[in-house]
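Fold the following.
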Amino acid sequence: MKLRRVLTILVKEFQELFRDPKMRAVVFFAPLIQILIFGYAATYDIKEIPTAVLDRSNSTLSRRLVNQLESSGYFKIQFRLESPAQIDTLMANGSVWCAIDIPADFGEQIADGRQAALGVSIDAVNSNSATITAGYLSGVIARLNDELIREQVALLSAAPVRTTTVENRVRILYNPDLESRNFNVPAIIVQILVIVTLLLTSMAVVKEKEFGTMEQLAVTPIRSSELIIGKALPYAFIGMVDITLICTVAVFYFKVPLLGSLTLLFATSLAFMMSTLAVGLLISIVSKTQQQAMMTSFFFMMPAILLSGFAFPIENMPEPIRYITYLNPLRYFVVIIRAIFLKGATAAQLVDQIVPLVALGLGTLALSSIWFRKRTR
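Model prediction:
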């Protein structure tokens, strides 16, 4: 392998890539727009849940409960109802996600030390949102219960009262504020990186076929491995620039903590791109037109993203599907980038993810080179 030949292909690829000014915007500005959009959209946190309240009690305690719901920031009381029939109407037309029916004897039951049952209706068309809403409501009610118990104890005796309780001290690690954005944004970086590198490289060889220059390359002294490396390097450089830009936005704009090593982040990103670039080149080699290459790229990307563990835990997938994920480079890099960002993980701690990621990249690059050699003979 001669470095001069590789550099010749590299320069040629850069010239073709940036000849069109629109392509520069696609390569460098599109990832920034994507991280901004996805960073806001990809969140499981819910705030200001549209809520209706039917307060039949209209007591001090019922008003206290409603005030605590509003002050929590999770619930926005949009309707104060007069009859139970209004609940079904509002839930049916989607005006509210949650409706709370406070019974008429709510205040008396609490004052007598009895349990008071609330009627709660939650729109579960989106099951995930319904689960989160129920959890928020349980938290607000639990805090009110704690306050009432302390007040009752204080009223019964001015002296300290000893009670036998089990204290549950929960320690939240790595994401103490339970911000879903901290969990999602690193994985979004992986998605953007695979979209940019895979789509660009999937056009690298097939455009030579469409322009009629493949035959010219075939008769030159350039080896298939030199051509493959020369085609891949420009997109690897672009990928490193893009990951720098989108990580900067993630850390300084979205405030996602980056606890690990930047060097490890860039090194593993390069190993990941080796896999995606190789897959893109392989698609470009086997495709006959750029349209076919683009469609094949999307065919690869959608399952790869869904099977990466980005949104759906791999552990919950059927066993045959779990075996397939071992051939997915996104599976390893999603774990790596989340661990580097949120846990400050080291290379030694991530060796089980890094080794198969590098092996997949080298194997796919070798396959691309062999396939290209067969196609040009």
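
If you count neighbours, what's buried in the helix or strand harbouring A250?
Per DSSP states H and E, A250 falls inside helix 224-252. Within helix 224-252, the residues scored as buried using 16 or more other CB atoms under 10 Å are 224-236, 238-239, 242-243, 245-247, 249-250. For every residue, glycine as well, the C-beta is placed using N, CA and C.

contact partners of stretch 356-369?
224-225, 228, 232, 268, 271-272, 274-275, 277-279, 281-282, 285, 326-327, 329, 332-333, 336 (CB atoms under 8 Å, 6 or more residues apart in numbering).

Only whichever of those residues are buried, select them in ChimeraX.
Under the burial definition 16+ other CB under 10 Å, those of the contacts of stretch 356-369 that qualify are selected in ChimeraX by:
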select :224,225,228,232,268,271,272,274,275,277,278,279,281,282,285,329,332,333,336
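
Might one say that M317 is in contact with Y323?
No. With contacts counted by CB atoms under 8 Å, M317 stays clear of Y323, the gap being 9.7 Å.

Compare these two (neighbour count), which wins?
M317 (16 against 10; other CB atoms under 10 Å).

Helix or strand for the residue lying closest to F341 once chain neighbours are set aside, just tell me which one.
For F341, ignoring the flanking residues on the chain, the nearest one in space by CB to CB, 6 or more residues apart in numbering is P186 at 4.7 Å. Using DSSP H and E, P186 falls within helix 180-201.

Mind listing what's buried along that helix?
181-201.

mind listing the strands for the stretch 51-200 of the chain?
Under the criterion DSSP state E, counting those that start in this stretch, the stretch 51-200 of the chain contains strands at 75-80, 98-102, 119-122.

Please work out which of the ones you listed is packed deepest.
strand 98-102 (a mean of 23; mean count of other CB atoms under 10 Å).

and it, what does it pack onto?
strand 49-55, helix 60-71, helix 85-92, strand 119-122, helix 127-156 (3 or more CB pairs under 8 Å, 6 or more residues apart in numbering; DSSP states H and E).

what about these, which gets the closest to L7?
helix 127-156 (51.0 Å; CB to CB).

how far is the closest one from where the chain is centred?
How far helix 127-156 lies from its chain's middle: 30 Å, per CA atoms, centre = their mean, to the nearest Å.

What number of residues are in the vicinity of A348?
7.

For it, which three-state class applies?
Taken by DSSP: H, G, I helix; E, B strand; the rest coil, the conformation at A348 corresponds to coil.

if I look at it, how far off is Y326?
21 Å (CB to CB, to the nearest Å).

about what we covered before: I'd assumed P257 was in contact with the residue nearest to F341.
No. Judged on CB under 8 Å, P186 makes no contact with P257 at a distance of 10.2 Å.
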